[in-house]
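Participant: build me a model from this:
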Amino acid sequence: MSVSIRERQIESLKCMLNFNQPLSSNPNLDEPQWKILIYDDFGQDIISPLFSVKELRDLGVTAYLLLNTDRDAIPDVPAVYFISPTAQNVSRLCQDLKNELYESYYLNFISPIPRTLLEDIAQASISANCVQQINKIFDQYSNFISLEDELFCLHNKNKDLVSYYALNKGDVTETEMNEKINVIVDGLFAVFVTMGSIPIIRCPKGTAAEYVAERLDKKIRENLRDARNSLFLNDSSSQIAFQRPLLILLDRNFDLATPLHHTWTYQALLHDVFELELNRVNLEKNSDIPHATNKENKQYDLLNTDKFWKLQKGNPFPVVAESVQDELEKYKQHDSKIQSLKNSVDGKNEDFFNETSKLSNAISSLPELTEMKRFLEMHTNIATSLLDQIKKRKLDIFYETEEKIMGKITLEKSIMEILKDPEAGTNEDKLRLLIIYYLCNQNMSQSEVDDYFVPKLKEMECDMGSINFIKSYKTISKMNYSNQFGDLTAGTVNKFSNLLSKSSKFVMEGVKNLVFKQHKFPITRITDNLMEQKASPETDEYRYFDPKLIKSDGNRVRNPVSDALVFVIGGGNYIEYQNLLDNAKTKAASGYTKRIIYGCTDLINGSDLIRQFAKLGKNM
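Facilitator: The predicted structure follows:
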């Protein structure tokens, strides 16, 4: 896993866009052949975080169009299709063949196409007399979305298919559940085909994760048995078992407190407060802020080439705000230096030639400075909007209180005081706080909730479905949340206004500068136990699958592993993702190199989960 999941998928899709031919090692030798790209909604979700418009143009893509839209015929241009193998998509494809829209067709299916649909295409091509124009048909095994080098999810627009609600609703039929499990298995199979490695699988017993593990193990075994058509013949993992990646499968029910937690790091805050979707943040929710203008309702792409974003996305918001200010000052200094050099040259002082050389060097750095300015202006706008919401909803208070609850630290304000505060957050914010308090307080009974908190929640007109669901969940769950998060050391003494200079664009007065000792969330502790082969009651009973062994529970790997893919069924979040990465960095500093990829069925924030709880609890 030395090459990231994102890089692997980009490499695979570049090959696809080159008509399924490997790209030249020297890109200057071959001019790209012009083509148009036709994709469906899922194909668009996969491609948009990976390629910019310029990068697609460099690969010869002159236009990219959605399959289910009205498209004009372009008879002298080849078309590359990247679509899911559904009956609706194939029907539209057959219509394109009949209408003779393009010169030739390169058909790429995101996941393997069933034989029946392949026969439909064959029949349509014969009827349209265009068999010779269908140049290639490929199964791409790309049914997952790579968001970052160490982050992917299976679905975005159609995430309701495998959402927490869909997997936990009481009236789900066995057929529906099998369909959902198969979607997850197919996505994970595609991930490992793309990575070119065969995992060792670990999962808890008696959960959806166990069903996924069993079927994934079976699917990989069946593929390995077919030596002629195996997708793992070029297995990049070593034959030495302990060098293979470890796949850790978890059901979202293993920890419901963390995804509800109000966070304090930049990327996770953006996902919680605004719509961070496919690496694009949408600030339209900012429209209800006093004095907001239409100019503030913008979308920004958070690119892999943005050095500031890559460096700061996992940092606490106060650090990010300070860094934005520092970088802006550096940019102003560069700009002033160039202006000063220009004035010196115009004045032709005694050191004219030396000044001209310096100016030439400074001008050569202008493109980089211009790009820096653009990114800094973007982060200034984002951070300003984020700060407005932090103040408006008092998110610093929610974060501090929840950290203390999870760390068993005495609260300065009671939960009821926060619930009664009309200026503290939304009803969803308050429900999240109360549910975390209830989950982490093992001695708190349902009657206490009903007698003490429920009347206030009803007065606030909160949706009581989420409380009904959590009471039921806590009754049947074996999870002891009181021991899940360990002791946290809190420090909340400084104000933002003390952190930054008064000349800052960020008016931080009244918002706490919260700094907490780094701690492990449950997912990180589980990952450490399994990767380092630690004995622990939490993971000792986890099942073990090795698709390369004749018996799946045969000779186990006993050595620590350095590569792991941690996958959460029922919704993941940026809080867990960042915690895993931070822990890996800490381990690396002590000499234990870990490479971890975080994946999930879909990315959710606390509000998403509360709404799903409410739906589940309506009929209780």
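Participant: which residues does stretch 60-68 contact?
Facilitator: Stretch 60-68 has contacts (C-beta atoms under 8 Å, 6 or more residues apart in numbering) with 17-18, 32-41, 44, 47, 56, 71, 77, 80-81, 83, 88-89, 92-93. Placement of C-beta: from N, CA and C, glycine included.
Participant: take those and keep only those in helices.
Facilitator: Here DSSP state H is the test, and the contacts of stretch 60-68 give Leu17, Asp41, Gln44, Ile47, Leu56, Gln88, Asn89, Arg92, Leu93 as lying in helices.
Participant: buried subset of the contacts of stretch 60-68 as a PyMOL selection?
Facilitator: Restricted to buried positions by 16 or more other C-beta atoms under 10 Å, the PyMOL selection for the contacts of stretch 60-68 reads:
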select buried, resi 17+18+35+36+37+38+39+40+41+44+47+56+71+77+80+81+83+89+92+93
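Participant: what about Ala321, neighbour count?
Facilitator: 28 (other C-beta atoms under 10 Å).
Participant: hmm, I was thinking of Asp45
Facilitator: Number of residues near Asp45 (other C-beta under 10 Å) recorded here: 19.
Participant: dump the residue contacts of it.
Facilitator: Ile145, His155, Asn156, Lys157, Leu278.
Participant: check what pLDDT it gets.
Facilitator: Here the pLDDT value assigned to Asp45 is 96.
Participant: can you show me the helices along the stretch 501-620 of the chain?
Facilitator: Using DSSP state H, counting those that start in this stretch, the helices of the stretch 501-620 of the chain run over 522-531, 574-589, 606-617.
Participant: which stretch among those comes nearest Val454?
Facilitator: Val454 sits nearest to helix 606-617 of all the helices of the stretch 501-620 of the chain, at 12.6 Å, using C-beta to C-beta.
Participant: show me the contact partners of that closest one.
Facilitator: The contact list for helix 606-617 (C-beta under 8 Å, 6+ apart) reads 163-165, 168-170, 256, 259-262, 272, 428, 431-432, 435, 463-470, 472, 571, 604.
Participant: could you flag which of those are buried?
Facilitator: Here, 16+ other C-beta under 10 Å leaves 163-165, 168, 256, 259-262, 272, 428, 431-432, 435, 463-470, 571, 604 buried among those.
Participant: now the helices of the stretch 501-620 of the chain in a markdown table, with distance to Lys310?
Facilitator: Below are those laid out as a markdown table (distance: least, C-beta to C-beta, whole Å):
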| stretch | distance to Lys310 |
| --- | --- |
| helix 522-531 | 21 |
| helix 574-589 | 12 |
| helix 606-617 | 25 |
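Participant: which of the ones you listed sits closest to Pro560?
Facilitator: Closest among these, using C-beta to C-beta: helix 522-531, at 6.2 Å.
Participant: other SSEs contacting that closest one?
Facilitator: Under the contact criterion of 3 or more C-beta pairs under 8 Å, 6 or more residues apart in numbering; DSSP states H and E, helix 522-531 touches strand 246-251, strand 563-569, helix 574-589.
Participant: remind me what the last one packs against, helices and strands.
Facilitator: Which is helix 574-589. For helix 574-589, the elements it packs on are helix 257-260, helix 266-273, helix 522-531, strand 595-600, judged by 3+ C-beta pairs under 8 Å, 6+ apart.
Participant: okay, buried residues for that helix please.
Facilitator: So for helix 574-589, counting by 16+ other C-beta under 10 Å, buried means Tyr574, Ile575, Glu576, Tyr577, Gln578, Asn579, Leu580, Leu581, Asp582, Asn583, Ala584, Lys587.
Participant: show the model's pLDDT score for Lys548.
Facilitator: 89.
Participant: ok, now Asp288?
Facilitator: Asp288 is given a pLDDT of 47.
Participant: by mean pLDDT, show me the worst of the helices and strands packed on helix 522-531.
Facilitator: helix 574-589 (a mean of 93).
Participant: show residues contacting that one.
Facilitator: Contacts of helix 574-589 (C-beta under 8 Å, 6+ apart): 150-151, 258-259, 261, 263, 265, 267-268, 271, 276, 314, 518, 520-521, 523-524, 527-528, 566, 568, 593-596, 598, 603.
Participant: residue ranges in this protein under the pLDDT threshold?
Facilitator: Scanning the chain for pLDDT under 70 picks out the ranges 1-2, 25-30, 233-242, 284-297, 335, 337-368, 478, 482-484, 486-518, 552-555.
Participant: from the contact counts, what lies against the lengthiest strand in it?
Facilitator: When the chain is parsed with DSSP state E, its longest strand is strand 74-83. With contacts taken as 3+ C-beta pairs under 8 Å, 6+ apart, strand 74-83 sits against helix 5-17, strand 35-39, helix 41-47, helix 87-98, strand 102-109.
Participant: of all those, which one is nearest Leu395?
Facilitator: Checking these against Leu395 by C-beta to C-beta gives helix 41-47 as the closest, at 28.9 Å.
Participant: starting at the chain centroid, how far to that closest one?
Facilitator: 15 Å (C-alpha atoms, centre = their mean, to the nearest Å).
Participant: near the closest residue to Cys440 other than its chain neighbours, how many residues? Count them for me, please.
Facilitator: Nearest residue to Cys440 in three dimensions, chain neighbours excluded: Tyr481, at 4.6 Å (C-beta to C-beta, 6 or more residues apart in numbering). By other C-beta under 10 Å, 20 other residues sit near Tyr481.
Participant: swap in Cys130?
Facilitator: 17.
Participant: is it correct that it is in contact with Asn99?
Facilitator: No. Counting by C-beta atoms under 8 Å, Cys130 stays clear of Asn99, with 10.3 Å between them.
Participant: tabulate the helices and strands packed on helix 522-531 (CSV), appending distance to Phe375.
Facilitator: As requested, those are exported to CSV (distance: least, C-beta to C-beta, whole Å):
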stretch, distance to Phe375
strand 246-251, 35
strand 563-569, 30
helix 574-589, 20
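Participant: who touches Ile36 in this structure?
Facilitator: So Ile36 contacts Val61, Thr62, Ala63, Tyr64, Leu65, Ile74, Val77, Pro78, Ala79, Val80, Tyr102 (C-beta under 8 Å, 6+ apart).
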